[in-house]
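K.L.:
sequence and predicted structure below; questions after.
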Amino acid sequence: MALDNIRLEVMQLLEKKVDSFIDKFLIPIDTVWQPTDFLPDSQNEDIFYEEVKELRALAKELPYDFWVVLVGDTITEEALPTYESWLMDVEGINQHDGGKDNGWAKWVRYWTSEENRHGDTLNKYLYLSGRVNMIEVERTTQHLINDGFDIGTDRDPYKNFVYTSFQELATNVSHSRVAKLAKEYSNKSLAKMCRIIAGDEMRHFNAYSEFVKHIFEVDPSQMMIAFSDMMKHKIVMPAHFLRESGDAIGTAFEEFSNAAQRLGVYTSQDYIDIMQRLINKWEIDKLVDLTDEAEKARDFVMKLPARMQRISERLVIPEEVFKFKWVEPALTK
């Protein structure tokens, strides 16, 4: 049987569990947090302006690289339309099934609705802070959605679920570190905001990594090969096409990444640690009855963290701070 057909059968098998996945990993709309829970209440004139004044005062204490990273994280979250449209095209996810969505399409919509709150929250915070050039932020966001992305997964559900598992954990790390830094600068409201976003990302990581675990149980060899292929070509960040207005596609991403590395928000070591965590979670060393090709794939993946560790130790991160249009000239005392 063709590999595409096998993947489709596996997706149809797991689709029967989608409702239980939704109940386990997502939160009903009426009880989940919303952006206004963490932002000044615009309907309460007695306290709104005072809360905004306090927000802006605390924002002045945050350093330049922090703002670069927070803006980059926000833009990444706001490119959600790209991520949803990509996932809706994955093999086995069908929103045109006789006028009725299948279970996987329902999952993607529910997941999207939770993720959408992240960009909304951070965007409003940036706007109220007065510390960034919002029109440049907005232009970059529109560019990122216009430019789309290519994450090297095609329509393969196995590769896409490896990618989303990795990325959800990466965003958890990033938002958690930003929260920690905000707290160190006594910005408790921003710290709380980023911490709860990080919590969402961890729930989503648990979901996508469980999908992969279920696939390993029914199609271990092809799942192993898909995992190896994604690691071989390296996981690209969803914002790898990041650019500022007037610049070529992808030109801002490296400098954004350098800022994140300097701050310790997301580093090459984190990439390695996430890879090792996935290896452990999916118990790659305990898989049995693999094909010869899958055994070679496992061998490659098991050795990869140590290999990347040696490379990481030689990396030098530029100390020179790149001036982004996002933050300059708006960031002034």
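P.N.:
Yep, it's here.
K.L.:
where exactly do the helices run in the stretch 101-250 of the chain?
P.N.:
103-129, 134-147, 157-184, 188-218, 220-233 (DSSP state H, counting those that start in this stretch).
K.L.:
how about Asp229: what's its closest non-neighbour residue?
P.N.:
Lys159 (6.6 Å; C-beta to C-beta, 6 or more residues apart in numbering). C-betas here are computed from N, CA, C, even on glycine.
K.L.:
same check on Glu84?
P.N.:
In space, Glu84 is closest to Thr112, 4.5 Å off (C-beta to C-beta, 6+ apart).
K.L.:
quick one: the one you found and Ala79 touch, right?
P.N.:
No. In this structure, Thr112 is not within contact of Ala79 by C-beta atoms under 8 Å, at 11.9 Å.
K.L.:
these two: which is more packed in?
P.N.:
Comparing Thr112 with Ala79 by other C-beta atoms under 10 Å, the one with more neighbours is Ala79, at 25 against 16.
K.L.:
who touches the more buried one in this structure?
P.N.:
If you count contacts by C-beta atoms under 8 Å, 6 or more residues apart in numbering, Ala79 has them with Thr141, Leu144, Ile145, Phe149, Pro238, Ala239.
K.L.:
which of the residues you listed has the most neighbours?
P.N.:
Leu144 (25 neighbours).
K.L.:
show me the contacts for that one.
P.N.:
Counting by C-beta under 8 Å, 6+ apart, Leu144 makes contact with Ile75, Thr76, Glu78, Ala79, Thr82, Ala239, Phe241, Leu242, Arg243.
K.L.:
next: Arg117.
P.N.:
Arg117 neighbours (C-beta under 8 Å, 6+ apart): Val32, Trp33, Gln34, Pro35, Asp200.
K.L.:
which of these lies closest to Gly119?
P.N.:
Pro35 (9.3 Å; C-beta to C-beta).
K.L.:
and that closest one, how many residues sit next to it?
P.N.:
Residues contacting Pro35 under the criterion other C-beta under 10 Å number 17.
K.L.:
likewise Glu201?
P.N.:
Residues near Glu201, counting by other C-beta under 10 Å, number 23.
K.L.:
you'd agree it is up against Thr171?
P.N.:
Yes. Glu201 is within contact range of Thr171, at 4.5 Å (criterion: C-beta under 8 Å).
K.L.:
quick check: Thr164 touching Asn206?
P.N.:
No. Counting by C-beta under 8 Å, Thr164 stays clear of Asn206, with 11.5 Å between them.
K.L.:
of the two, who's got more company?
P.N.:
Thr164 (24 against 15).
K.L.:
can you tell me how far the more buried one sits from Val71?
P.N.:
23 Å (C-beta to C-beta, to the nearest Å).
K.L.:
returning to that earlier point: residues contacting the residue nearest to Glu84?
P.N.:
Leu80, Tyr83, Glu84.
K.L.:
so which of these comes closest to Met224?
P.N.:
Tyr83 (25.3 Å).
K.L.:
how many neighbours does Ile29 have?
P.N.:
10.
K.L.:
three-state assignment of it?
P.N.:
Secondary structure assignment for Ile29 (DSSP: H, G, I helix; E, B strand; the rest coil): coil.
K.L.:
which ones are touching it?
P.N.:
Contacts of Ile29 by C-beta under 8 Å, 6+ apart are Ser113.
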